[in-house]
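Novice: Sharing a model that was predicted from the sequence below.
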Amino acid sequence: MIKHLFIFYRNMKTTLKTLILNCLLASCFITVHGQDFYASQRASWLQKAKESIPQLTVTEKKPVGLVHIIKDENAFQQYKAEQTAPINTLYDNSFKETKAVIVDFGEHITGCFSFSTELLKAEADAPARFKLTFGEVPSELVTPFDPYQGGLSRAWLQDEIVTMMTMPSTITIPRRVSFRYVKIELIATPPGYDFCISGMKCDAVTSAVNTPGELSAATPQIFKDIDRVSLNTLKECMQTVYEDGPKRDQRLWLGDLYLEALANNYSFKQYNLTKRCLYLLAGLSEHNGKLNATVFETQEPKPQAKQHLYDYSFLFGVTLKDYLQETGDRETAEDLWPVAKKQLESAYQYLQDDGTMNYERASREWWIFFDWKDGLHREVAFHGVTVFAFKETYELAKLLNKENEVAQLPGLIKKMKKAARKHFYNPKTGLFTGKLNDQVSYASQIWMILGEIPTQKEAQRSLKALKTTENVCTPGAPYLFHYYIEVLIKSGMPQEARNEVAEYWEGMIHKGADTFWEVYDPKNEFLSPYNFFPVNSYCHAWSCTPTYFIRKYPEIFQE
Ligand code: RAM
């Protein structure tokens with residue numbers, strides 16, 4: 001009996017021991033994996049983001065006329081709008097007879113749309129139903145949306161059905177819309193009475209209130225026009241964050257933020273918005289310290305899950321550096337420095353002893369972006385952006401007297417530059433191509449130059465070679481085109497930069513742009529990363545940067 005008791009006691013002891021050990025292990029696991037790297041700062045970052053929410057200003061916009069959208073092989077996406085009548089024609093006539101119109105507001109607008117009706121004959125005894133379709137460009141008004149084949153939500157397309165229960169009355173569309181044209185169709189006609197549309201407006205919203213300075217009087221008209229359209233684009237994207245596009249996705253993306261902040265520095269100069277976005281991204285970063293590439297403001301601020309873009313993550317530090325240089329706001333820069341520094345760890349893990357990066361592994365673990373372009377091989381650009389990130393972060397560290405925290409960077413930069421020259425540079429062609437793929441792309445040359453791998457002479461040679469080499473992978477979106485202009489200027493090719501800005505962005509204006517587009521390949525107007533061109537955004541943040549170039553380099557663009 002005593003022996004049994006003893007065995008029981010001994011077994012219990014072992015079980016308890018195991019239990020305690022397991023608990024300890026589990027708690028260690030939770031601490032390691034669940035630990036919030038920014039625990040002590042996160043709440044104050046989110047609070048600061050909240051304190052910087054800008055006021056939105058509202059401007060009432062009225063339509064300017066009625067249009068027909070007509071097929072024209074030479075027009076953008078084969079459709080153009082042709083003025084048919086003044087807006088009063090709509091207001092003065094029975095809508096029961098008109099049934100469908102396309103109204104032109106004369107400019108691209110983002111805001112809150114409403115329209116009113118008046119009775120013409122008899123009393124309203126039944127509801128009427130309308131379908132409204134808002135379009136940024138003419139083709140959106142005539143391209144059937146269904147059956148929908150797009151890769152993003154069908155609901156981004158701006159067609160709404162509304163029912164007016166009685167008349168006279170006014171209906172406000174609940175969602176914020178982004179458009180120049182609106183098609184109104186009567187889809188359920190009440191038999192017993194007649195009515196007209198009596199008014200229509202859009203309360204346009206933006207947080208951009210400052211007036212950018214005048215360009216020099218000598219500025220060629222083409223750059224005045226490009227600047228104006230760039231500013232319109234930026235203005236509409238400036239809401240309570242820098243949105244990527246006011247039609248879609250209506251949210252803050254790191255890569256777009258960087259370019260919008262650059263453009264803002266030379267135009268509206270509303271630095272508080274940049275500050276807010278930096279704090280919001282920091283506050284909504286992962287517990288392991290990694291930034292999310294995109295975040296939502298509502299209902300509660302939250303990140304979009306699983307959106308980690310390798311190249312974007314470093315642009316946080318670059319934006320912070322520019323912000324510090326523009327504003328001298330050292331407090332914010334010091335507050336957010338740990339986030340910029342932490343992002344470098346994403347790069348360290350792929351860096352190999354010989355100074356090359358393990359691209360194959362990284363491309364399995366990250367979305368490595370650079371451009372919306374099918375078939376783009378990203379190995380070289382991946383190496384280049386990493387060197388660029390190291391350089392820029394080191395610059396930021398120097399501004400904050402924190403070089404000692406990243407003292408390894410100059411050595412790593414040197415090593416990586418050497419490795420890039422050895423593995424990617426072809427002295428015969430003067431071009432950079434990958435180890436895994438010999439594709440010649442704009443992206444590869446651009447990011448090697450931004451990483452300062454070639455000398456200026458070599459950079460010039462590679463940029464020129466892009467024009468004469470066959471089968472070059474060209475940019476698909478203005479995002480990459482921005483960096484192309486940047487490297488042309490950096491490489492001492494101002495005339496080429498001037499010509500390229502003129503050709504690319506004026507190309508959009510020629511095709512009717514009042515705001516610049518998310519995707520623009522002059523050779524393929526139907527290009528869409530989402531498999532359906534109407535869901536592309538036609539007022540898109542990352543294409544607003546000509547205003548930055550035109551204003552930052554007056555000697556290139558304003559003479
Ligand atoms: C698009 C967004 C945004 C961009 C990402 C990568 O969906 O519109 O502009 O940053 O892709």
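Specialist: Nice, thanks for sending it over. This one's a predicted model, so the numbers in the text were calculated from it and none came from an experiment. Numbers count the residues shown, from 1 in each chain.

Novice: so what pLDDT did F29 get?
Specialist: F29 is assigned 36 on the pLDDT scale.

Novice: cool, and V67?
Specialist: So, for V67, pLDDT stands at 98.

Novice: ok, now how distant is it from Y79?
Specialist: As judged by Cβ to Cβ, to the nearest Å, V67 and Y79 stand 11 Å apart. Just so you know, the C-beta spots here come from the backbone N, C-alpha and C atoms, and that holds for glycine as well.

Novice: which one of those two has more residues nearby?
Specialist: Neighbour count, other Cβ atoms under 10 Å: between V67 and Y79, V67 has more, with 22 against 19.

Novice: quick check, distance from the helix or strand that contains the more buried one to the centre of its chain.
Specialist: Element membership for V67 (DSSP states H and E) is strand 65-71. With Cα atoms, centre = their mean, to the nearest Å as the basis, strand 65-71 stands 30 Å off its chain's centre.

Novice: C-alpha coordinates for that strand, CSV please?
Specialist: In CSV, the C-alpha atoms belonging to strand 65-71 read as follows (Å, rounded to 0.1, in the frame of the first residue of the first chain):
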residue,chain,number,x,y,z
GLY,A,65,-23.4,69.5,-71.1
LEU,A,66,-24.7,66.4,-72.7
VAL,A,67,-22.6,64.1,-74.8
HIS,A,68,-22.8,61.0,-76.9
ILE,A,69,-20.1,58.4,-76.7
ILE,A,70,-19.2,57.4,-80.2
LYS,A,71,-17.0,54.7,-81.6
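
Novice: and whichever helix or strand comes after it with strand 65-71, angle?
Specialist: As assigned by DSSP H and E, the chain's next helix or strand after strand 65-71 is strand 79-86. Interaxial angle, strand 79-86 versus strand 65-71 (axes from the mean of the first three to the mean of the last three Cα atoms, to 10 degrees): 150 degrees.

Novice: which residues touch strand 79-86?
Specialist: 65-72, 102, 104, 138-139, 141-142, 181, 512 (Cβ atoms under 8 Å, 6 or more residues apart in numbering).

Novice: buried set for stretch 424-441?
Specialist: For stretch 424-441, burial by neighbour count (16 or more other Cβ atoms under 10 Å) applies to F424, Y425, G430, L431, F432, T433, G434, Q439, V440, S441.

Novice: Does the strand holding V67 pack against any helices or strands, and if so which?
Specialist: Applying 3 or more Cβ pairs under 8 Å, 6 or more residues apart in numbering; DSSP states H and E, one finds that strand 65-71 contacts strand 79-86, strand 100-121, helix 139-142.

Novice: just those: most buried one?
Specialist: Ranked by mean neighbour count under mean count of other Cβ atoms under 10 Å, the helices and strands packed on strand 65-71 are led by helix 139-142, which reaches a mean of 22.

Novice: Which of the three states applies to the residue in the stretch 101-250 of the chain that the ligand sits nearest to?
Specialist: Proximity of the stretch 101-250 of the chain to the ligand (Cβ to the nearest ligand atom) peaks at D244, 3.6 Å away. In three-state terms, and counting by DSSP: H, G, I helix; E, B strand; the rest coil, D244 is coil.

Novice: How about the one 3 residues further on?
Specialist: Here K247 takes the coil state, with states given by three-state DSSP.
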